[in-house]
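Asks: Would you be able to build a 3D model of this:
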Amino acid sequence: MEPVFLGAVTILALLEQAYFSLQVIYARRKYSVSPPSTTGPAEFNRVYRAQANCSEYFPLFITALWTSGIFFSEGVSSLCGLLYLYGRLQYFWGYASAAQGRLAPLYFCANVLWALIGCSALGVFLSFSKIYLDVDVRQTASAALGLH
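Replies: I've put the predicted structure just below:
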């Protein structure tokens, strides 16, 4: 099966990152902050930091999204990915408005990211057990719970 949903979420994530970068360009023009300067009025600084913070977490998000999607569940991972992207958008807009506006979306995104990391770890563990230890933990657990 092709990981179409993971690919779609990845494309949305790339578009979101592009949007954040464009917002920095617009803020540079609006507040007359020429490159390579990375500081200016507080309004510019918040937009710049929001974009930088989102970029810093992007590799963690993409890695967790794909690892979770391949080894755990594409559907669950894609849904978590959409929630994360929504949270990042709220984070960006909140931070651009006021520094305090970033906090609730930041905590939301952190929780979703930890869920993806947990699903990644569990999925890799289950696959490792099945391939290298010849123990199908999912099947064993289903049988033990009478869910077959």
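
Asks: residues contacting Leu85?
Replies: Val9, Leu12, Ala13, Glu16 (CB atoms under 8 Å, 6 or more residues apart in numbering). Heads up, the C-betas are built off the backbone N, CA and C, glycines and all.

Asks: again, but for Ala50
Replies: If you count contacts by CB under 8 Å, 6+ apart, Ala50 has them with Phe20, Gln23, Tyr91, Phe92, Tyr95, Ala96, Arg102.

Asks: now do 6 Å
Replies: By CB atoms under 6 Å, 6 or more residues apart in numbering, the contact set of Ala50 is Phe92, Tyr95, Ala96.

Asks: what's the answer for Gly94, then?
Replies: Neighbouring residues of Gly94 by CB under 6 Å, 6+ apart: Gly101, Arg102, Pro105.

Asks: Also Phe58?
Replies: Phe58 touches nothing, counting by CB under 6 Å, 6+ apart.

Asks: where does it fall, helix, sheet strand or coil?
Replies: helix (DSSP: H, G, I helix; E, B strand; the rest coil).

Asks: Repeat that for Arg46.
Replies: Arg46 - assigned by three-state DSSP - is helix.

Asks: What is the burial count for it?
Replies: 20 (other CB atoms under 10 Å).

Asks: That one contacts Tyr95, correct?
Replies: Yes - in this structure, Arg46 is within contact of Tyr95 by CB atoms under 6 Å, at 5.4 Å.

Asks: which residues touch the residue most central in space within the chain?
Replies: Geometric centre of the chain, nearest residue: Phe61, 3.6 Å, by CA atoms, centre = their mean. Applying CB under 6 Å, 6+ apart, we find Phe61 in contact with Tyr84.

Asks: What's the first helix or strand after the strand or helix carrying it?
Replies: Using DSSP states H and E, Phe61 sits in helix 42-71. Going down the chain from helix 42-71, the next helix or strand is helix 74-97, by DSSP H and E.

Asks: Sketch out the low-pLDDT regions of the chain for me.
Replies: Applying pLDDT under 70 to the chain flags the ranges 148.
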